[in-house]
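Student: Pasting the sequence and the predicted model now:
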Amino acid sequence: MLIDAPRGLKGVVVTDTALGDVRGTEGFYHYRQYSAVELATTRSFEDVWHLMIVGELPDERQLAAFTARTAALRELPAEVADALEVIARGSRTGPLDGLRTALSLLGSSLGFRPVYDLDAEQRREDTLRAAAAVPTLLTALHRIGQGLAPVAPRADLPYAANYLYMLTGEVPQPRTARAIESYLISTIDHGFNASTFTARVIASTGADVAACLAGAVGALSGPLHGGAPSRALDTLDAIGTPDRIDGWIRDAVLAGDRIMGFGHAVYRTEDPRSRMLRGIAQEIGPALGGAALGGTALGGTALGATAGADRVAFAVEVEQQVETILAELKPGRELHTNVEFYAGVVMELCGVPREMFTPTFAAARVVGWSANILEQAAERTIIRPSARYVGPAPG
C-alpha cells in the first residue's frame, strides 16, 4: 500500500534520533540534550565532537585523550597525499568537488569495510579517521589549486586552529580561531537536512563510512544546500552602499528573486545561529577586519580594521532593511537571516577565501554526518521508499 507524502518529504518523520533536533517555531536547536548555541559559545570543537560520537560531554581526562586521539589521525596516507595534485587539477568547482574523490581514495587506502560487517567500535573508529582527515584534505586541495604547497597538520593545535593553520601556513590569532571554532560547532548538525539524510540512506545499505560521507558531500555541493555563504556576500557586494539597499532589495523582491542568506526551510523565527554569528561579527569586526589570516595570499579579501567594522555595520543595516521591506511587500511571511548570511561575514573577517566557505562548513558537518551514520548503521534497516509511476501506459 502506497502512502502519499508531500514533495521533498517536508514534515515527514522517517526515523527516531537521539542526536538532536531543530525546533523551528521556537528558533532553537540542540545537540543531544544541550543547546547547540550554548555549546558553540562555551565549549571546544573536540568537546562537541565527543558528545556527538560518544554520547556525552567529556570530562577533563576524557577530553585530553579524545583530542590526542583525533589529532593523531590528521595525517594522510602517502598514496592519498600523492594523489591530491591530480585530484585538485580535475576538480573544476574547487575543494568540495575534490573531497568526494579524495574520501573514496582515503576509504580504500585505510581499508574501510561496509558498516554492516563491523561492530560498533570499529564503525566509530572509521568515522573518527575519516572526519579527522577531512580538514587536511580540504586545505591541501585548496592550496594546490592556488599553486601553493599543502601545509602538514599540527597535532598540538586544536581542530579549528589547525584547520586555519593548514589553510594559511600561519598559526591564527586566538580570537580568530575561536570565532571559526564557534561557527564550526554551530554547524555540526542541524536535523534531517539533505546531506545528512543522504548519508543515512547510504549507511542504511550497509556501505562503508567513506561512501556515506562522499554521498553527503555530493548533496552539500548543491547551491540550494551549502552554497549560500559566498552568495550572501555577493549580495552585499552587489548592493554596494547603504543608499542602494532599499532600491536593490525592492527590485529583487518584486522580480521574485531569492535574496541569499534569508529564509530557512525549518525556522519561522530568527535563526539562532545567525543571531550568534552576528554577535561574533560585531565583536571581532573592528579588531580583525579580515587581516588576521592574510586572506589576499589565498584569494580572499583582507579588510582593514575600519573596513571590517564598516562591513559588519553594512550587513546589519541590510538585514534590517530586508526584513522591513519583506514585511511590507510580503505581509504575513516570516523571513529572517539564516546561518549563511553572517557566516559569510565572519569567515571573510577571519580571512577565509570565499571558495572555502562551503568546504569550511563541510569540515564541521562531517562530525554530524558521522554521528548519523553510526546511528543509522545500528538500525540495520534499509531506507527504501516508493514512487508512483505517472509516465505513459506500458504496452
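Tutor: It's in.
Student: Which parts of the stretch 201-350 of the chain are helices?
Tutor: Taking DSSP state H, counting those that start in this stretch, the helices of the stretch 201-350 of the chain run over residues 209-220, 228-239, 245-254, 272-288, 305-329, 339-349.
Student: now, of these, which is deepest in the fold?
Tutor: A comparison of these by mean neighbour count, using mean count of other C-beta atoms under 10 Å, puts helix 339-349 on top with a mean of 28. C-betas here are computed from N, CA, C, even on glycine.
Student: list the helices and strands whichever helix or strand comes after it packs on?
Tutor: Using DSSP states H and E, the helix or strand that follows helix 339-349 in sequence is helix 357-379. Under the contact criterion of 3 or more C-beta pairs under 8 Å, 6 or more residues apart in numbering; DSSP states H and E, helix 357-379 touches helix 45-54, helix 95-109, helix 120-145, helix 174-186, helix 194-204, helix 209-220, helix 228-239, helix 339-349.
Student: Throw the ones you listed into JSON lines and include mean pLDDT and distance to residue 274, thanks.
Tutor: Shown next, in JSON lines, are the helices and strands packed on helix 357-379 (pLDDT from 0 to 100; distance: least, C-beta to C-beta, whole Å):
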{"stretch": "helix 45-54", "mean pLDDT": "98", "distance to residue 274": "19"}
{"stretch": "helix 95-109", "mean pLDDT": "96", "distance to residue 274": "22"}
{"stretch": "helix 120-145", "mean pLDDT": "98", "distance to residue 274": "24"}
{"stretch": "helix 174-186", "mean pLDDT": "96", "distance to residue 274": "10"}
{"stretch": "helix 194-204", "mean pLDDT": "97", "distance to residue 274": "20"}
{"stretch": "helix 209-220", "mean pLDDT": "97", "distance to residue 274": "19"}
{"stretch": "helix 228-239", "mean pLDDT": "83", "distance to residue 274": "10"}
{"stretch": "helix 339-349", "mean pLDDT": "89", "distance to residue 274": "5"}
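Student: Out of the ones you listed, the one nearest residue 311 is which?
Tutor: Proximity to residue 311, assessed across the helices and strands packed on helix 357-379 by C-beta to C-beta, is greatest for helix 339-349 (6.6 Å).
Student: tell me which strands and helices the closest one is in contact with?
Tutor: helix 174-186, helix 228-239, helix 272-288, helix 305-329, helix 357-379.
Student: Outside of the first one itself, list whatever touches it.
Tutor: I take that to be helix 174-186. The contact list for helix 174-186 (C-beta atoms under 8 Å, 6 or more residues apart in numbering) reads 36-37, 39-41, 43-45, 48, 158-161, 163-164, 172, 273, 276-277, 280, 284, 287-288, 292-293, 339, 343, 346-347, 349-352, 360, 363-364.
Student: for that helix, which positions count as buried?
Tutor: 176-186 (16 or more other C-beta atoms under 10 Å).
Student: Present the helices of the stretch 201-350 of the chain as CSV; the columns should include distance to residue 369.
Tutor: Listed next are those as CSV, based on distance: least, C-beta to C-beta, whole Å:
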stretch, distance to residue 369
helix 209-220, 5
helix 228-239, 19
helix 245-254, 33
helix 272-288, 18
helix 305-329, 29
helix 339-349, 17
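Student: does residue 165 really touch residue 152, like I thought?
Tutor: No: applying C-beta atoms under 8 Å as the test, residue 165 and residue 152 come out as separate, 9.6 Å apart.
Student: So for those two, which residue has more residues nearby?
Tutor: Set side by side, residue 165 and residue 152 show more neighbours around residue 165, with 21 against 14, by other C-beta atoms under 10 Å.
Student: Helix, strand, or coil at the more buried one?
Tutor: Assigned with DSSP: H, G, I helix; E, B strand; the rest coil, residue 165 falls in the helix class.
Student: Report the separation between residue 369 and residue 317.
Tutor: 36 Å (C-beta to C-beta, to the nearest Å).
Student: Also residue 308?
Tutor: Distance of residue 308 to residue 317, given as C-beta to C-beta: 15 Å.
Student: For residue 384, find the nearest of the helices of the stretch 201-350 of the chain.
Tutor: helix 209-220 (15.8 Å).
Student: Mind giving me the packing neighbours of the closest one?
Tutor: Counting by 3+ C-beta pairs under 8 Å, 6+ apart, helix 209-220 packs on helix 95-109, helix 120-145, helix 194-204, helix 357-379.
Student: surely residue 17 meets residue 376?
Tutor: No: counting by C-beta under 8 Å, residue 17 stays clear of residue 376, with 9.1 Å between them.
Student: Of these two, which one has the most company?
Tutor: residue 376 (25 against 18).
Student: coming back round to it: which one, of the helices of the stretch 201-350 of the chain, ends up nearest to residue 30?
Tutor: helix 272-288 (10.1 Å).
Student: tell me, how many neighbours does the residue nearest to residue 341 when sequence neighbours are not counted end up with?
Tutor: In this structure, residue 341 finds its nearest non-sequential neighbour in residue 261, 3.2 Å apart by C-beta to C-beta, 6 or more residues apart in numbering. Neighbour count of residue 261, defined by other C-beta under 10 Å: 29.
Student: how near is residue 261 to residue 81?
Tutor: 36 Å.
Student: number of nearby residues for the closest residue to residue 131 other than its chain neighbours?
Tutor: Among residues not flanking residue 131 along the chain, residue 366 sits closest, at 4.6 Å (C-beta to C-beta, 6+ apart). Using other C-beta under 10 Å, residue 366 has 28 other residues around it.
Student: before we move on, what about the one 3 residues further on?
Tutor: The local packing count at residue 369 equals 30, with neighbours defined by other C-beta under 10 Å.
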